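Student: let me see the structure of the following:
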Amino acid sequence: MKKASIHIVCMLLALVSLPQLLSGQQAPEASLLRSPLFREKLMLTTDRTLYAAGERILFRVFNFSDSLLKEDHWSMVLYLELISERHVAVARGKFTLAAEGASGQLTIPDSVTTGNYVLRAYTRWMRNFTADAFATLSLGVVNPDRTGPVELFSAVPDSLLPGSNEHIPGSMPGRRTAATGISLKTEHSLYRKGEQVTLLLQTDESPRPEGGYALSVVRKAFLDLDQQGLSTIGRATIGDDGIVAYPPDTRGISVSGTIVQRTGRQPVPFARMHVTLLGETPDYYEMSADQQGNVRFSVPARPGVSNALIAFDREKGASFELVVDEAFSREFAETRDPGPGIINRQPGATRELAMISQLRKAFDLQPERNESSADSLINTLFYGTPEYRYRTADYVAIPNLGEFLFELVPQVAVQRVQGQRILSVMDDAGYFLEYAPLILLDHVNIQDMEALLAIDPGQLSTIDVVNTIYIRGSNIYGGIISLISREGNLAGVGLPEGATIIELQTVVGLDDLAPQDFIPPSRGERLPDLRSTLFWDPDVELRSGEQRSLEFPASDIPGTYVAILTGVTQEGKVIRSACEFDVE
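Tutor: Residues are numbered from 1 along each chain as shown. Coordinates of the predicted model:
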């Protein structure tokens, strides 16, 4: 009862202080930053802790933030980075974050050097605190072609060749370990190469983690059992004197920056900016900068990397530019001492993985790089279905767009005001809408009416007209006129003056996951099965008292393997069970 009362008070404080926080002002005495309710808490686990360059890191993030915060959909985007010992990000990704957490994969570049790395996960909101709040996990990466100061193949004894069982610090005694409430075991303790392994899972009536479990079956040598592939949680302290510099991603991926003059680099107060998201799901935004020239908008959390065309309202003799803020954090935790990395503690495992990596290249068994399928993206327009759509191919040839609109589109009028032609939209009753319309050509805002009206209609595919008042955000438009060219080239009209294209990395889609990585090559092809991760499922659901069995083929690499099941309760308690089996 007391806990519920505290939550209610915190939520009331949030409602009072949020407008001030989002405007960047100093938080009141009972600020969101100081409230324990608004401390997001994440825990990170991976399929293993030792990888080869070019492999995928399969991860699961457990979200055990306060239930009231998760129900309010506070942060919806997870930021994931692989950081070198020199604090350089070698791989980055953004993923959709739900109440139960997030899962996905991050590909290690082929160009990285052998060494110890840190995988860290955080949200935009967590950047308001010190980097100690981030979930971090130490990993090792092996690259036989770029060993750096590490000697991989100097005096390798036979005991360290693939299939050996080098002693690993912290290895689990016996054939099975179990956490309270979970039983995890294999049907047999010994399997032949390629034989189907049966894994049995059983739970009792103990409380289960809300976000389910992550299950990994890997080569034991490649899982650091001292760390057990699970991140630790540091103590977060407020940064920047308690000012909210990073609002949460509640509507997608936040993009912020400053509009500056190209010459002099001075911020431009209240500059008007137009943003067109290009690609299969185009979109359009219009906004004004604040008094310091700062702007912020949200990009829909859709798969892939999107290009955005940025343009500004024209001013005589002025040229503007958007300086985009860094999306990822540049701060690093300084209070943690991870000690020697897995590369240093387990040299035998490092050499073994290096040899396996070279064998994969020799047999051309490198994992395929999956890209999100364009067919899976829905081509939708932000204004929905227009009231009127004109297909220019259905009409006789007319010299220019101005005459086409005058003759065939009664909802649009070409008028002359102070010697310049403008477009106005009329409703179905024949009355002009009182606001200026939004005019788009291939989803780009066009301000040069003479160039637009001179277009040959034959270069256009469709003309959409929305002839009602349209409100989007703080903008009110007197209808919408949207023209789509046949070739997607703005029908020959040049880009707006001063327009630039920037690249925006958005979330990784589900199509980027690669379950076929766990399917061995056809035995008829006489190719070796060199998988290090035999099975991975980041979202195993187990009800109280449930029994389940899973099957997967054993690898061609003999040795000891470990199956490990991990869950995290709402209170942050780790529930984990593991068992071992051998392949000969």
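
Student: and the strands in the stretch 201-350 of the chain?
Tutor: Applying DSSP state E, counting those that start in this stretch to the stretch 201-350 of the chain gives strands spanning 213-219, 253-261, 272-277, 283-288, 294-299, 305-312, 320-324.

Student: what residues are up against the closest residue to residue 199 other than its chain neighbours?
Tutor: In this structure, residue 199 finds its nearest non-sequential neighbour in residue 550, 4.6 Å apart by Cβ to Cβ, 6 or more residues apart in numbering. To be clear about C-beta, it is placed using only N, CA and C from the backbone, and glycine gets the same treatment. The neighbourhood of residue 550, defined by Cβ atoms under 8 Å, 6 or more residues apart in numbering, consists of 198, 199, 201, 215, 535, 537.

Student: and the third one, how far is that from residue 554?
Tutor: When you say that, I think you mean residue 201. The gap separating residue 201 from residue 554 is 18 Å, by Cβ to Cβ, to the nearest Å.

Student: pick out whichever of the two has more residues nearby.
Tutor: Per other Cβ atoms under 10 Å, whichever of residue 201 and residue 554 has more neighbours is residue 554, with 24 against 20.

Student: right, and the more buried one touches residue 197 too?
Tutor: Yes. Assessed by Cβ atoms under 8 Å, residue 554 is found in contact with residue 197 at 5.4 Å.

Student: which neighbours do these two have in common?
Tutor: Common contact partners of residue 554 and residue 197 (Cβ under 8 Å, 6+ apart): 191, 534.

Student: gap between the residue nearest to residue 199 and residue 215?
Tutor: 8 Å.

Student: what residues do these two have in common as contacts?
Tutor: Contacts common to residue 550 and residue 215, judged by Cβ under 8 Å, 6+ apart, are 535, 537.

Student: leaving out chain neighbours, which residue sits closest to residue 196?
Tutor: The shortest distance from residue 196 to any non-neighbouring residue, by Cβ to Cβ, 6+ apart, is to residue 551 (5.2 Å).

Student: pull the contacting residues for the one you found.
Tutor: 196, 197, 198, 199.

Student: count residues in the vicinity of the second one, would you?
Tutor: The burial metric for residue 197, expressed as a neighbour count using other Cβ under 10 Å, is 21.

Student: what's the answer for residue 183, then?
Tutor: Residues lying near residue 183 (other Cβ under 10 Å) number 16.

Student: tell me what it is bridged to.
Tutor: Bridge pairing for residue 183 (DSSP bridges) gives the partners residue 202.

Student: number of residues surrounding residue 196?
Tutor: A total of 10 residues lie near residue 196 under the criterion other Cβ under 10 Å.

Student: what bits of the stretch 451-584 of the chain have low per-residue confidence?
Tutor: Counting by pLDDT under 70, the stretch 451-584 of the chain has low-confidence residues at 508-526.

Student: quick one: contacts for the residue nearest in space to the middle of the chain?
Tutor: Relative to the mean C-alpha position of the chain, the nearest C-alpha, by Cα atoms, centre = their mean, is the one of residue 94, at 1.7 Å. For residue 94, the contacting residues are 77, 78, 79, 80, 253, 301, 327, 505, 506, 507, 508, by Cβ under 8 Å, 6+ apart.

Student: what does residue 328 give?
Tutor: Contacts of residue 328 by Cβ under 8 Å, 6+ apart are 79, 81, 89, 92.

Student: go with 6 Å
Tutor: For residue 328, the contacting residues are 79, 92, by Cβ atoms under 6 Å, 6 or more residues apart in numbering.

Student: what pLDDT does the model give it?
Tutor: Listed pLDDT for residue 328 reads 90.

Student: could you measure from it over to residue 449?
Tutor: Applying Cβ to Cβ to residue 328 and residue 449 gives a distance of 41 Å.

Student: so how far is residue 38 from residue 550?
Tutor: Distance from residue 550 to residue 38, by Cβ to Cβ: 38 Å.

Student: over to residue 324?
Tutor: Noted for residue 324: a distance of 27 Å to residue 38, by Cβ to Cβ.

Student: more neighbours: those two, which one.
Tutor: Higher neighbour count among residue 324 and residue 38: residue 38, with 23 against 16, using other Cβ under 10 Å.

Student: now the strands for the stretch 451-584 of the chain?
Tutor: For the stretch 451-584 of the chain, applying DSSP E, counting those that start in this stretch gives strands covering 460-466, 470-472, 475-477, 480-485, 500-505, 533-540, 547-553, 559-568, 574-583.

Student: highest mean neighbour count out of these?
Tutor: strand 559-568 (a mean of 24; mean count of other Cβ atoms under 10 Å).

Student: so what touches it?
Tutor: Residues outside strand 559-568 that contact it (Cβ under 6 Å, 6+ apart): 43, 45, 62, 64, 163, 165, 184, 199, 209, 213-217, 219-220, 223, 574-582.

Student: just checking: what are the partner strands of that strand?
Tutor: strand 213-219 (antiparallel), strand 574-583 (antiparallel).

Student: need those strands in TSV with distance to residue 424, can you?
Tutor: Below are the strands paired with strand 559-568 laid out as TSV (distance: least, Cβ to Cβ, whole Å):
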stretch	distance to residue 424
strand 213-219	58
strand 574-583	64
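
Student: which among the ones you listed is found nearest to residue 490?
Tutor: Nearest to residue 490 among the strands paired with strand 559-568 is strand 213-219 (47.4 Å), distances taken as Cβ to Cβ.
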